[in-house]
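A.B. asks: Build the 3D model from these lines:
(chains A and B)
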Amino acid sequence: MSSEEKDAYVPSDVEAKWQKRWEERGTNTFTLDELRKAERPYFNLMMFPYPSAEGLHVGNIYAFTGADVHGRYQRLRGKQVFEPIGFDAFGIHSENFALKQGVNPMDLIPSNIRNFTRQLKRTGGMFDWEHTVDTTHPSYYKWTQWIFLKLFDAGLAERKEAPVNWCPSCMTVLANEQVIAGACERCGTPVEQRRIAQWFFKITRYAQRLLDNLDHIDWSESTRKAQGNWIGRSEGATLRFPILEEGGAESGEVVEVFTTRPDTVFGATYMVLSPEHPLVDRVTTPARHDAVDGYRSEASRKDLVARQKIDKTKTGVFTGGHCRNPATGEAIPVWIADYVLMEYGTGAIMAVPGHDERDFEFATEFELPIVRVVAAPGEGPDTPLTEAYVGPGALVNSGVFDGTDVRESVRAVTEWAAAHGWGDMRINYRLHDWCISRQRYWGPPIPIVHCDACGPVGVPESELPVILPRVEDFKPDASGISPLARVESWYRTRCPRCGADARRETDVSDTFLDSGWYFLRYPSTDFDDRAFDAELTNTWLPVDTYIGGNEHAVLHLMYARFLTMALHDLGHLDFEEPFVVFRAHGLITKDSSKMSKSRGNVVVPDPIIERFGADTFRMYLMFLGPFEEGGDYRDDGIQGPFGFLHRVWDTVLEAGDGAPDPDVERKLHRTIEQVTQQLPELGYNTAVAALMEYLNAVRSGGRAAVRAEIEPLVVLTAPFAPHIAEELWERLGHEHSIFDGANWPAFDPAKAAAEAVKIAVQVNGKLRGTVEVAAGADEATVVAAARADDNVSRHLEDMAERRVVFVQDRLVNFVVASTRP
RNA sequence: GCCGGGGUGGCGGAAUGGUAGACGCAGGGGACUUAAAAUCCCCUGGGAGCAAUCCCAUGUGGGUUCGAGUCCCACCCCCGGCACCA
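C.D. replies: Numbering: from 1, shown residues only, chains lettered A, B, ... in the order given. Here you go, the predicted model:
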């Protein structure tokens, strides 16, 4: 009785024991020497979390477990797996939370990190706690600033004015995602637009390379597509339209437009400038001045998001000015309208209402002329247009180009425009330069000193880091500049170049800069005199596998690729793509709906781990559904994996010696084959199912297992349930950690081969019976056996056999027709 | 509107063009037990039938095929992301 009690599976005991052991033995940590000498290095990366005050949520654990299972599998295959974790702790989330709670983020974050660390350790992740990063620690952001300086020195950072969302009530700049339907997400106040000088990284210079490389990196298809769309390459032309004086003479200035349909230029009946376009004042006539000004201030009052999302009916005003259409020679009116965005193309368009839906809508609204310049087959130059026509056809009303097929016309018209000096081929990208300035407190200060004489000067490397000072009053104010601008003692300094009085940059940088390079830092955290050590970086990078959420498909992953590429070009890295493999994991729901505090359906991990153990929790999460698609968490379901681990435990403890049963051994090798194939593909749910199936086979009819049947199962289960696997491995007599060695069982095809197979017998495609025959039996044998089946022969009676389809070891199909009328 | 992913039992989900529903949950019946828990065994898509067996069934409608959840065409719905991108 007492010995039975002692040997019952108590997850909390097993897990505490092994977490302690791993820490004591350094099972998961690398020394500097080990990092240097790794022979089969495998960098297993997962997206580091933002350490919220709420603590680790199920989504985090789901993602980390999926990555950890992968890492543990690689380790069981004999790789040295480096699996670091860190904290992405700067940013507006932390700052706003700290403001709300009335605490300083410098106090809040360390306590959040302690709590996260405690929780992460309980989940059984194979994390190297000797190589963590905390983006808010000066030893980390020193190098974030260093990277800024490298880009600044290379001319990849520039300061320019750009519009931002401004909430006049919260007195702060808002990110686009904080603006809901034109209002501040926190206080509901309508958001305005302000123009502020900001720092940008010139990621657009890398647009084509970022796009081209997508073809040869092994990433989730959805992520690659998202990046491709985000970069948004489009081929077209820039065309120049001369501005006309009020009398009709050319002024010598031009409005440049970008268009993907230069071939429709004969149908450009008016032009539209973005309200912010620098030539608006130039083209506006005195009579129209007030109207134009009114519209512009109205447009500027709208926030960026509302302007792009809400205004479905088009608005705009006539400037009074005209340009000459260089194709037709006619004067056409110039309007301004907010459906033309300053950020895209040249901020100005030629409007071709006949063949562009937006232009058609605008022209209809303001009664501007609509001219057909493309005719579909069966249509002529005068066929009326009831909507914009964007389909195939040939040019009409287009002078010498009449009759040119649209498949040819873009090239033909662009060449003609180029020959006459008013157009050029042009490739345009939707991708914008990366604005890294934040007029907030909780981020790394941008390491720049502004000097009246020298302009912006980079802080010398020897003076890094520029420490973020502890400030009690870090609340943003109406000025729209960073709270650091109120700390005179901090921002007053001397110009590093000329020594004159100067002022530090008071903006901090975007958190995406912190997270854009953290994977480079992990192997090199033992060094404080370099961001990343060349030798270690060459050993461990690029990252072998990166697993994370697709919510970062464009921003984080794009920025990380850009920084890597830029650092490569500057001679700091030997590779230009940071992540060889990237896999996006799915979303986990609760009872088929998204987890959220408002729904009250958030799954809290701690009590689950207490009750069932981390092993069961991990296994259940991986069993819910395909890892790359997500799954639905239901409280009851956890009983499955819980019972499974209990049975594994009992089976191992009760196992005797002896030869394995041949049927069980066959099943074992099929299981090894399946699991070995599915783990690298992240097919976790079906791999777990295979393990369960195998255990059912081992225990079927209440039979007792022998050691040779059950020991391999312990190894196959180890990636999912590492603690219990260690414990059972030890009880099976092994001295070293199950993860210290290539313990993955070998698949033996000979042992997996079946002697007999069941074959489906169909008549006209309908199943009428099954027959058991020797594996590999030939057609004649199988067909004879099939005919001998009573039910089959009944269906073949009075039928004319047309043909017999035979699939080896799978099926026979008799194709027949009735002989009765 | 555009891009991506989906639609299969009561539920989560399995199925290289070849026996649809693996595995698990929930439910039902039974064994063991004084009892309960744990464990083990059996049943569980719908319909007809005493049964053998038959019919229906993977969002809808067509098509290809000896054979379609899987391939092709059209459509409907759900989820995620982007959105006046010229």
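
A.B. asks: what's around the residue of chain A found nearest RNA strand B, how many residues?
C.D. replies: Proximity of chain A to RNA strand B (C-beta to the nearest atom of the strand) peaks at residue A:640, 2.3 Å away. Backbone N, C-alpha and C define where each C-beta goes, glycine included. Number of residues near residue A:640 (other C-beta atoms under 10 Å) recorded here: 16.

A.B. asks: pLDDT below threshold where in chain A?
C.D. replies: For chain A, the stretches flagged by pLDDT under 70 are A:1-6, A:175-178, A:180-182, A:186, A:302-312, A:819-821.

A.B. asks: I'd say the residue of chain A closest to RNA strand B and residue A:616 touch.
C.D. replies: No - between residue A:640 and residue A:616 there is no contact under C-beta atoms under 8 Å: 9.2 Å.

A.B. asks: still on that earlier bit, spit out the contact partners of the residue of chain A closest to RNA strand B.
C.D. replies: Residue A:640 makes contact with A:620, A:623, A:692, according to C-beta atoms under 8 Å, 6 or more residues apart in numbering.

A.B. asks: Name the nearest of those residues relative to residue A:497.
C.D. replies: residue A:620 (60.5 Å; C-beta to C-beta).

A.B. asks: what's the closest non-adjacent residue to the residue nearest in space to the middle of chain A?
C.D. replies: Among the residues of chain A, residue A:553 comes closest to the average C-alpha position under C-alpha atoms, centre = their mean, at 2.0 Å. Spatially, and ignoring its direct neighbours in sequence, residue A:553 is nearest to residue A:226 (4.1 Å; C-beta to C-beta, 6 or more residues apart in numbering).

A.B. asks: Could you list which residues are in contact with that neighbour?
C.D. replies: Contacts of residue A:226 by C-beta under 8 Å, 6+ apart are A:550, A:553, A:554.

A.B. asks: Wait, a helix at it?
C.D. replies: Yes - assessed by DSSP: H, G, I helix; E, B strand; the rest coil, residue A:226 belongs to a helix.

A.B. asks: I'd like the distance between it and residue A:368.
C.D. replies: Taking C-beta to C-beta, to the nearest Å as the measure, residue A:226 falls 37 Å from residue A:368.

A.B. asks: Then residue A:68?
C.D. replies: Distance from residue A:68 to residue A:368, by C-beta to C-beta: 61 Å.

A.B. asks: So for the two, which sits in the more crowded spot?
C.D. replies: residue A:68 (27 against 18).

A.B. asks: residues touching that one, list them.
C.D. replies: Contacts of residue A:68 (C-beta under 8 Å, 6+ apart): A:46, A:83, A:124, A:125, A:126, A:618, A:719.

A.B. asks: Show me which of those are buried.
C.D. replies: A:46, A:83, A:124, A:125, A:126, A:618, A:719 (16 or more other C-beta atoms under 10 Å).

A.B. asks: Tell me the one of those residues nearest residue A:152?
C.D. replies: Looking across the buried ones among the contacts of residue A:68 and measuring by C-beta to C-beta, the closest to residue A:152 is residue A:46, at 30.7 Å.

A.B. asks: right, and the closest one touches residue A:61 too?
C.D. replies: No - look at residue A:46 against residue A:61 with C-beta under 8 Å: they stay out of range, at 11.1 Å.

A.B. asks: what about residue A:110, how many neighbours?
C.D. replies: Residue A:110, neighbours per other C-beta under 10 Å, totals 16.

A.B. asks: taking the contacts of residue A:68 one by one, which sit in strands?
C.D. replies: residue A:46 (DSSP state E).

A.B. asks: I'd like the contacts of residue A:68 laid out as CSV, including distance to residue A:788.
C.D. replies: Putting the contacts of residue A:68 into CSV (distance: C-beta to C-beta, whole Å) gives the following:
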residue, distance to residue A:788
A:46, 58
A:83, 58
A:124, 55
A:125, 58
A:126, 57
A:618, 50
A:719, 47
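
A.B. asks: so which of the contacts of residue A:68 comes closest to residue A:559?
C.D. replies: residue A:46 (17.5 Å).

A.B. asks: Which strand or helix spans the closest residue to that closest one other than its chain neighbours?
C.D. replies: Residue nearest to residue A:46 in three dimensions, not counting chain neighbours: residue A:67, with 3.8 Å by C-beta to C-beta, 6+ apart. Using DSSP states H and E, residue A:67 sits in helix A:58-76.

A.B. asks: cool, and residue A:235?
C.D. replies: Judged by DSSP H and E, residue A:235 forms part of strand A:233-244.

A.B. asks: which parts of that strand are buried?
C.D. replies: Quick answer for strand A:233-244 (16+ other C-beta under 10 Å): A:236, A:237, A:238, A:239, A:240, A:241, A:242, A:243, A:244.

A.B. asks: ok, then the element right after that strand?
C.D. replies: With DSSP H and E, the next secondary element past strand A:233-244 is strand A:250-259.

A.B. asks: Check which residues of that following strand are buried.
C.D. replies: A:254, A:255, A:256, A:257, A:258, A:259.

A.B. asks: who's in contact with it?
C.D. replies: So strand A:250-259 is contacted by A:236-245, A:265, A:271, A:273, A:279, A:282-283, A:323-324, A:334, A:344-346, A:348-350, A:352, A:422, A:426, A:428 (C-beta under 8 Å, 6+ apart).
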